[in-house]
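Student: fold the following, please.
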Amino acid sequence: MQMKHLLLLASLLTCMGAGAQQATFRNPVIAGDMADPTVIRVDNTYYATGTSSEWAPYYPLFRSKDLVNWRQIGHLFEQQPAWTRSSFWAPELFHRNGKTYAYYTARRKTDGTSYIGVATADKPEGPYTDHGPIVEYGTEAIDAFVLEDAGELYISWKAYGLDPRPIELLACKISDDGLRMAGEPFTLLRDDKRQGMEGQHWLKIGDYYYIVYSINGCCGPGSDYAVAVARSKNLRGPYERYAGNPILHGGGDVQSIGHGTIPTGGCSTSATPIWPVRISFWDASRCCSRSSWAMTCGFISRAGKQHP
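Tutor: From the prediction side, this is the model:
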């Protein structure tokens with residue numbers, strides 16, 4: 001089937017909040033085929049990257065002052081990490097004690113299994129030094145996310161996606177230098193309904209730990225990919241799913257809303273998270289797709305509901 005160019009229809013959204021630097025913005029804020037966004041703020045600057053799949057260089061890196069106007073400044077890796085084969089997915093940026101970490105998914109060269117690697121840099125712009133795999137667990141470990149809680153680091157990931165059993169979101173304590181696992185994995189959420197579960201973002205707001213994660217089937221003209229949330233007063237759970245899930249979903253010309261990130265600040269106050277998401281836009285023939293970034297400006301309330 002002949003591939004056609006896509007027309008990306010952008011909607012004008014209003015960003016409410018006393019601290020907003022730009023009252024309105026037009027989606028997508030980053031156009032192009034780059035799924036699974038991660039955004040961090042270091043001082044007064046935001047940095048973002050996302051999936052590069054089979055394209056090199058690996059994981060395009062962007063910079064912005066306002067979460068709306070982005071400029072590409074390079075890549076996480078100009079050369080392929082030595083342990084990897086292909087499928088460069090779902091990087092996650094993390095900044096701590098003056099060092100920037102990139103946790104990323106790739107297929108291991110020796111057997112093609114997808115695992116999670118880690119690289120570090122002395123500044124978000126790089127250059128990044130690869131340290132090899134940090135999570136080599138089961139038949140697949142993808143979609144890393146790192147949470148710091150009470151001075152300790154925890155990494156979470158999607159597990160059992162290729163096994164004849166429910167998917168689980170697992171987590172494990174990691175070393176203080178962020179480079180190795182330092183405990184036994186434990187379960188955060190289990191997909192007993194077999195609806196799909198991945199792309200988690202793990203954070204604490206007030207007394208609650210929240211997991212904002214993707215559900216249903218990603219990608220394709222029939223995609224019902226969406227975003228759900230669960231919460232717990234304990235880091236290890238049990239986590240209670242919000243009864244009103246999903247909190248974000250697609251429809252019409254916009255599909256596959258999911259696997260986003262929640263940096264703080266930007267749209268309003270420093271306590272207000274926003275959710276840049278992966279969105280697939282489809283042309284009229286439904287023959288091909290692109291993943292672009294759109295941004296919703298809102299916050300996750302104590303009940304877990306997304307507010308505009």
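
Student: quick one: average pLDDT of stretch 169-185?
Tutor: Regarding stretch 169-185, the rounded mean pLDDT is 97.

Student: span of it from start to end?
Tutor: One end of stretch 169-185 sits 10 Å from the other (C-alpha to C-alpha, to the nearest Å).

Student: name the surrounding residues that touch that stretch.
Tutor: Identification of contacts with stretch 169-185 by C-beta atoms under 8 Å, 6 or more residues apart in numbering yields 94, 96, 99, 101, 118, 120, 131, 134-135, 137, 146-147, 152-159, 186-190, 197, 200, 202, 211, 213, 236. All C-beta atoms are positioned from the backbone trio N, CA, C, and that covers glycine.

Student: among the residues you listed, which ones are buried?
Tutor: Among those, those that count as buried by neighbour count (16 or more other C-beta atoms under 10 Å) are 94, 101, 118, 120, 131, 134-135, 137, 146-147, 153-159, 188-190, 197, 200, 202, 211, 213.

Student: outside of the strand or helix carrying Ser156, which residues touch it?
Tutor: In this assignment (DSSP states H and E), Ser156 forms part of strand 152-159. The contact list for strand 152-159, computed with C-beta under 8 Å, 6+ apart, reads 96, 103, 116, 134-135, 137-138, 140-148, 167-176, 178, 181, 185, 188, 197-200, 202, 235.

Student: which among the residues you listed end up buried?
Tutor: Among these, those classed as buried by neighbour count (16+ other C-beta under 10 Å) are 103, 116, 134-135, 137-138, 140-147, 167-172, 174, 178, 185, 188, 197-200, 202, 235.

Student: what about those residues, which are in strands?
Tutor: Among these, DSSP state E puts 103, 116, 134-135, 141-147, 168-172, 174, 188, 197-200, 202 in strands.

Student: contacts only, for the closest residue to Glu148 other than its chain neighbours.
Tutor: Nearest residue to Glu148, sequence neighbours excluded (C-beta to C-beta, 6 or more residues apart in numbering): Arg96, at 6.5 Å. Each residue near Arg96 by C-beta under 8 Å, 6+ apart is listed here: 148, 153, 178.

Student: from Val42, how far out is Arg96?
Tutor: Separation of Arg96 from Val42 (C-beta to C-beta, to the nearest Å) stands at 10 Å.

Student: residues touching Thr100, list them.
Tutor: 40, 42, 47, 93-94, 120-124, 128.

Student: repeat the analysis, applying 6 Å as the threshold.
Tutor: Residues near Thr100 by C-beta atoms under 6 Å, 6 or more residues apart in numbering: 121, 124.

Student: beta partners of it?
Tutor: According to DSSP bridges, the residues that bridge with Thr100 are His95, Ala121.

Student: show me what contacts Phe62?
Tutor: Contacts of Phe62 by C-beta under 6 Å, 6+ apart are 48, 70, 72.

Student: helix or strand right after whichever strand or helix holds the first one?
Tutor: Going back to what we said before, that points to Ala48. Per DSSP H and E, Ala48 falls inside strand 45-49. With elements assigned by DSSP H and E, the helix or strand that comes after strand 45-49 is strand 58-64.

Student: so that following strand versus strand 45-49, what angle?
Tutor: 160 degrees (axes from the mean of the first three to the mean of the last three C-alpha atoms, to 10 degrees).

Student: who does strand 58-64 pair up with?
Tutor: Here strand 58-64 has these sheet partners by DSSP bridges: strand 45-49 (antiparallel), strand 70-77 (antiparallel).

Student: now tabulate those strands in CSV and tack on mean pLDDT.
Tutor: Below are the strands paired with strand 58-64 laid out as CSV (pLDDT from 0 to 100):
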stretch, mean pLDDT
strand 45-49, 95
strand 70-77, 97
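
Student: mean neighbour count, these: which tops it?
Tutor: Mean neighbours per residue, mean count of other C-beta atoms under 10 Å, is largest over the strands paired with strand 58-64 for strand 45-49, with a mean of 22.

Student: quick one: contacts of it?
Tutor: 37-40, 59, 61-64, 67, 91, 124.

Student: no more questions from me, cheers.
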